[in-house]
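Chemist: Could you work out the structure for the sequence below:
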Amino acid sequence: MSRRLLVTGGAGFIGSNFVHHWLKVYPNDRVVVLDALTYAGNLRNLQSVEEQENFRFVEGNICDKPGTACAKGERTLITELLQVENIDTIVHFAAESHVDRSILGPGAFVETNVVGTFTLLDAFRLHWEGKGQPMDYRFLHVSTDEVYGSLSPTDPAFTETTPYAPNSPYSASKAGSDHLVRAYHHTYKLPTIITNCSNNYGPYQFPEKLIPLMCINALMGKPLPVYGDGKNVRDWLYVGDHCQALDVVIHSGKPGETYNIGGNNEVENINLVQMLCQFMNELAPKLPVHPSEQLITFVKDRLGHDRRYAIDATKIKTQLGWTPSVTIAEGLRLTVEWYLTHRDWWEPLLSEEYQAYYRKVYA
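Modeler: Residues are numbered from 1 along each chain as shown. The predicted structure is shown next:
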């Protein structure tokens, strides 16, 4: 059966990769993207699909109005889209997602991640109830492993039953949205599913994130800033693998459940940067500074910097049959190659606003 999807945040990094994946695998499905086009949303991410008949882009904010307004019969952007497009599946990526920005300005994170998720949930609940509560409807909430807090080097990896212990305004706002999604299933039986993923990387990622930042700075001969001692550990998940996992969850996941999605690639930040430098040296031999490792610069540590994240993805493997297919070496090579061949995509993003933010964070 074909689906009619509303993808929030679909012009962002993971959202746009998901849209490309879905339209390629399910050409008979309808995909509507809702994106506010903030600094990290980019219509060029969707350029190759914008002319497809089964695709529609709508510029708008998930915080359109408080969701309770929908109960009074008021027509909001979200309720309009749900009704006009006859949406049966929401894939909710829209979020403020950068920890550094949440430290500088936490208010936007609470507004988008908590209030926005509530608005979307309530509108979808009323839409679902108006359709007779179909069993095949889905609300997929894409969250993060950061809601679980920080691990020591010897702690076991996060599972779906790990207690929440968020340590940044970003992770706290995502934890709040997770709890709302869970509550809407428990209270209203809304068919929601939560996924908590590890650090994503790949094409279309905004330059503020670690991997594209290192690639772009190396190409420009600028310092490669590494927080603290560089020994913070992250589990890295190639975005294509993540999209495959979300596909499986939408079709086979059980409403009310949470699934952790990890890449089985725990790497210290400094080792990751060194791997990126090796690929840059190999694939871009005419770098301004060669070898690029000379540019590695240790900077003051991030406030409240979590030491280690690690995902135990046993549940999604055993229950739904998904495992990651891209190794960290394969994924990093693909990513470096993409940034090398897409200067026309990332160069316009290095605006004065971005430069000012960069100076504030890495001063």
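Chemist: ok, and what's touching stretch 212-221?
Modeler: 205-207, 223-225, 273, 276-277, 280, 284, 287-289, 292, 295, 335-336, 339-340, 343, 346, 350 (Cβ atoms under 8 Å, 6 or more residues apart in numbering). No exception for glycine: its C-beta is placed from N, CA and C like everyone else's.
Chemist: do stretch 162-175 as well
Modeler: 95-99, 101-103, 106, 109-110, 112-114, 143-144, 146-150, 178-179, 304, 306.
Chemist: Please list only the buried members of the residues you listed.
Modeler: Buried members of those, scored by 16 or more other Cβ atoms under 10 Å, are 95-99, 101-103, 106, 109-110, 112-114, 143-144, 146-150, 178, 306.
Chemist: still on that earlier bit, okay, and which of the contacts of stretch 162-175 map to helices?
Modeler: Among these, the members found in helices (DSSP state H) are 99, 101-103, 109, 178-179.
Chemist: what's the closest of the residues you listed to residue 238?
Modeler: Relative to residue 238, the closest of the ones in helices among the contacts of stretch 162-175 is residue 99; by Cβ to Cβ it sits at 20.6 Å.
Chemist: so what's the closest one up against?
Modeler: So residue 99 contacts 146, 168, 170-171, 302 (Cβ under 8 Å, 6+ apart).
Chemist: gap between it and residue 32?
Modeler: 30 Å (Cβ to Cβ, to the nearest Å).
Chemist: thinking again about what came up before, type out the ChimeraX command that picks the buried ones from the contacts of stretch 212-221.
Modeler: Command for ChimeraX, covering only those of the contacts of stretch 212-221 found buried under the criterion 16+ other Cβ under 10 Å:
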select :205,206,207,223,224,225,273,276,277,280,284,287,292,295,335,336,339,346
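Chemist: can you tell me which of the contacts of stretch 212-221 are in helices?
Modeler: Those of these lying in helices (DSSP H): 273, 276-277, 280, 335-336, 339-340, 343, 346.
Chemist: Relative to residue 341, how far out is residue 108?
Modeler: 33 Å.
Chemist: higher neighbour count, the two?
Modeler: residue 108 (15 against 10; other Cβ atoms under 10 Å).
Chemist: Does the more buried one touch residue 98 like I think?
Modeler: No - in this structure, residue 108 is not within contact of residue 98 by Cβ atoms under 8 Å, at 10.6 Å.
Chemist: Rebuild the contacts of residue 99 as TSV, extending it with distance to residue 183.
Modeler: Shown next, in TSV, are the contacts of residue 99 (distance: Cβ to Cβ, whole Å):
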residue	distance to residue 183
146	20
168	22
170	21
171	19
302	31
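Chemist: What subset of the residues you listed is buried?
Modeler: Buried members of those, counted by 16+ other Cβ under 10 Å: 146, 168, 170-171.
Chemist: In a strand, residue 194, correct?
Modeler: Yes - assessed by DSSP: H, G, I helix; E, B strand; the rest coil, residue 194 belongs to a strand.
Chemist: What residues does residue 117 make contact with?
Modeler: Applying Cβ under 8 Å, 6+ apart, the residues near residue 117 are 62, 92, 141, 177, 180-181.
Chemist: how far away is it from residue 245?
Modeler: In terms of Cβ to Cβ, residue 117 sits 20 Å off from residue 245.
Chemist: Same check on residue 94?
Modeler: 19 Å.
Chemist: before we move on, what about residue 90?
Modeler: 17 Å.
Chemist: what's near enough to touch residue 182?
Modeler: Applying Cβ under 8 Å, 6+ apart, the residues near residue 182 are 192, 194, 256, 258.
Chemist: I figured the second one hits residue 258, correct?
Modeler: Yes - if you go by Cβ under 8 Å, residue 194 and residue 258 touch, sitting 4.4 Å apart.
Chemist: Between those two, point out the one with more neighbours.
Modeler: residue 194 (25 against 20).
Chemist: Relative to residue 254, how far out is the more buried one?
Modeler: 11 Å.
Chemist: ditto for residue 360
Modeler: For residue 360, the distance to residue 254 - Cβ to Cβ - is 44 Å.
Chemist: can you pull out the strands in the protein?
Modeler: 4-8, 30-35, 55-59, 89-92, 138-144, 192-197, 199-201, 224-227, 233-238, 258-261, 266-268, 296-299 (DSSP state E).
Chemist: Pipe those into CSV and attach mean pLDDT and distance to residue 46 per row.
Modeler: Shown next, in CSV, are the strands of the chain (pLDDT from 0 to 100; distance: least, Cβ to Cβ, whole Å):
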stretch, mean pLDDT, distance to residue 46
strand 4-8, 98, 10
strand 30-35, 98, 7
strand 55-59, 97, 6
strand 89-92, 98, 14
strand 138-144, 98, 17
strand 192-197, 98, 21
strand 199-201, 97, 18
strand 224-227, 97, 30
strand 233-238, 98, 20
strand 258-261, 98, 23
strand 266-268, 98, 30
strand 296-299, 97, 34
